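Undergrad: quick one, what's the 3D model for this:
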Amino acid sequence: MFSISSTTAIYLRSCFLLTIAYYLIKDSTTLTEQTLIVILHQALNLKHLSLTLEFDEFLPLISLLFISLSITDLVQLSFKNHSFFESVVPVRLSLFFIIAGLSYFLKSDGFLFGNDCIFVYCLLEIWFNFLIYNLLRQEKFERNKKFEAKLEDKLLEIQQAADEKEFNNELEQVIPELERTRDL
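TA: Numbers count the residues shown, from 1 in each chain. The predicted structure follows:
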C-alpha cells in the first residue's frame, strides 16, 4: 500500500525536527515567514508570531527541545524498538490534535499557543504521526501474518506425526508460541 517504511517516516520526522531546531538558532524569521505559515495566518485569521529580541534568549532552549525529541526517536529507532512507537504515536496524535484545536479556537482569548506557527507545527506533526501510525500498523499486520503462517506450518508438521505421545509433547511446546500471538 505505502512505498515507504515506518523507519523512513520516522527519519523524515527527525530531519524535520532537526531542521526546525537549526532555523531557530540560525534565523528564526525564516520559519515565521514561510509561505505556508503566512497563508494559514491570513486564511484562518490566526495571530502572527513575530519573534522579537525578547524571545531570542529562549530560542536556543526551544531548539534543544526539538533536538531532544529527534534524538529520542533516532535512539529508539536504532534499537528497532517499534513497540515504543506503537505506544507513543497515538499519544502524540492526541496531544497535537488538542493543541491545534486550542490554538485555533482560543486564538482571540490571549491563549499562549494561539498563533500561526504553533498551529502549522501541530498540523505537520499530526500528518507525520498519522503516516507513522498507519505504516506501523501495516508492518505489524504483515509480521503477524508471517508468524501465523510459520506457526500453522509447525502445527501441521506436529499433526502429521504418527505417534500420539510425541504429538502431545510437541503441542505443549507450541502452545506458548500461540499465546505470544496476542502480544504481537
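Undergrad: doesn't residue 3 belong to a strand?
TA: No. The assignment for residue 3 (DSSP: H, G, I helix; E, B strand; the rest coil) gives coil, which keeps it out of a strand.
Undergrad: distance of it relative to residue 138?
TA: The gap separating residue 3 from residue 138 is 12 Å, by CB to CB, to the nearest Å. Just so you know, the C-beta spots here come from the backbone N, C-alpha and C atoms, and that holds for glycine as well.
Undergrad: those two: which has the busier surroundings?
TA: Set side by side, residue 3 and residue 138 show more neighbours around residue 138, with 14 against 5, by other CB atoms under 10 Å.
Undergrad: show me what the helix or strand hosting that one packs onto, helices and strands only.
TA: When secondary structure is defined by DSSP states H and E, residue 138 falls within helix 116-159. Counting contacts by 3 or more CB pairs under 8 Å, 6 or more residues apart in numbering; DSSP states H and E, the secondary-structure elements packed against helix 116-159 are helix 6-26, helix 35-43, helix 82-105, helix 164-180.
Undergrad: so where is this structure shaky, pLDDT-wise?
TA: Within the chain, the segments meeting pLDDT under 70 span 1-2, 51-55, 108-111, 161-168, 170-171, 174-175, 177-184.
Undergrad: do that again at 50, thanks
TA: Applying pLDDT under 50 to the chain picks out no residues at all.
Undergrad: nearest spatial neighbour of residue 44, skipping sequence neighbours?
TA: Taking CB to CB, 6 or more residues apart in numbering as the measure, residue 44 lies nearest to residue 104, with 6.6 Å between them; neighbours along the chain are not counted.
Undergrad: okay, now the one you found: neighbour count?
TA: As a burial measure, the neighbour count of residue 104 was computed by other CB under 10 Å and equals 19.
Undergrad: dump the residue contacts of residue 135.
TA: By CB atoms under 8 Å, 6 or more residues apart in numbering, the contact list for residue 135 reads 2, 4-6, 9.
Undergrad: and what of residue 69?
TA: Contacts for residue 69 were tallied using CB under 8 Å, 6+ apart; they are residue 17.
Undergrad: separation between it and residue 127?
TA: With distances taken as CB to CB, residue 69 is found 16 Å from residue 127.
Undergrad: related to what we said a few turns ago, and of the contacts of residue 135, the nearest to residue 115?
TA: Lowest distance from residue 115 to the contacts of residue 135 (CB to CB) belongs to residue 9, with 27.1 Å.
Undergrad: next one: that closest one from residue 135, what distance?
TA: If you go by CB to CB, the gap between residue 9 and residue 135 works out to 6 Å.
Undergrad: swap in residue 159?
TA: The span separating residue 159 from residue 135 equals 36 Å under the rule CB to CB.
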